[in-house]
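requesting a structural model of the entry that follows:
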Amino acid sequence: MLDASANTALESKQAKFERLVAQEPFKGIHAILKSLSPDREALYEGVNAATSYEDLLARLGYTVVVTRQIHVQDCYSRTGPAGGIKTVLPYHDIPTHSSLPTLVNYDSSVTTTIKSSAFFNQMLLKLKAQMNGKA
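Predicted coordinates for the structure are as follows:
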């Protein structure tokens, strides 16, 4: 059992995570995290312990399916249990003019592209650096 001072430190780290992930630079990964789990403490713990984006998804109970390309408009027609897609996250990074969609599926998998995975991996590393006061 944690003592009161340890609990306060954990809460402040959790609060820092919530504040950082809600900021504009992390908008894309924030949307993904909200779609994966409503348990904010589990999200914090997963982000804090993860060594990569794929590792984070695995820690949250998801397998990663990498595909060459995702046609976002087609995916919307497949949302729902019958189509297998729970959530379509059509993130567009304006500075790089890149479309980086992610699909959260009913079978506890996340479908992404190599480019999206690399982008969100970098975003995760920047988030972790700020969480640890290294940025």
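
need the pLDDT of the residue nearest to residue 69 when sequence neighbours are not counted.
What sits nearest to residue 69 in space, not counting adjacent residues and going by Cβ to Cβ, 6 or more residues apart in numbering, is residue 113, at 6.5 Å. All C-beta spots, glycine's among them, are computed from the backbone N, C-alpha and C. Residue 113 is assigned a predicted lDDT (pLDDT) of 97.

any idea how far residue 113 is from residue 80?
Residue 113 sits 22 Å away from residue 80, going by Cβ to Cβ, to the nearest Å.

out of these two, which sits in the more crowded spot?
Shown here are residue 113 and residue 80; by other Cβ atoms under 10 Å, residue 113 has more neighbours (17 against 10).

and the strands in this protein, which stretches?
Assigned by DSSP state E, the chain shows strands spanning 63-67, 85-93, 98-105, 109-113.

quick one: the helices in this protein?
Counting by DSSP state H, the segments of the chain that form helices are 4-21, 27-36, 40-49, 53-59, 72-76, 114-131.

so for residue 99, which of the ones you listed sits nearest?
Among those, helix 72-76 comes nearest to residue 99, with 7.4 Å by Cβ to Cβ.

in the closest one, which residues are buried?
For helix 72-76, the buried set under the neighbour-count rule, 16 or more other Cβ atoms under 10 Å, comprises residue 75.

low pLDDT regions in the chain?
The model of the chain has pLDDT under 70 over residues 1-11, 135.

swap the cut-off to 90 and go again
When the per-residue scores of the chain are filtered using pLDDT under 90, the ranges that remain are 1-14, 132-135.

hmm, back to that, export the strands of the chain to a markdown table and tack on distance to residue 123?
Compiled in a markdown table, the strands of the chain are given as follows (distance: least, Cβ to Cβ, whole Å):
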| stretch | distance to residue 123 |
| --- | --- |
| strand 63-67 | 16 |
| strand 85-93 | 9 |
| strand 98-105 | 10 |
| strand 109-113 | 13 |
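
so which of those strands is the most packed in?
strand 109-113 (a mean of 21; mean count of other Cβ atoms under 10 Å).
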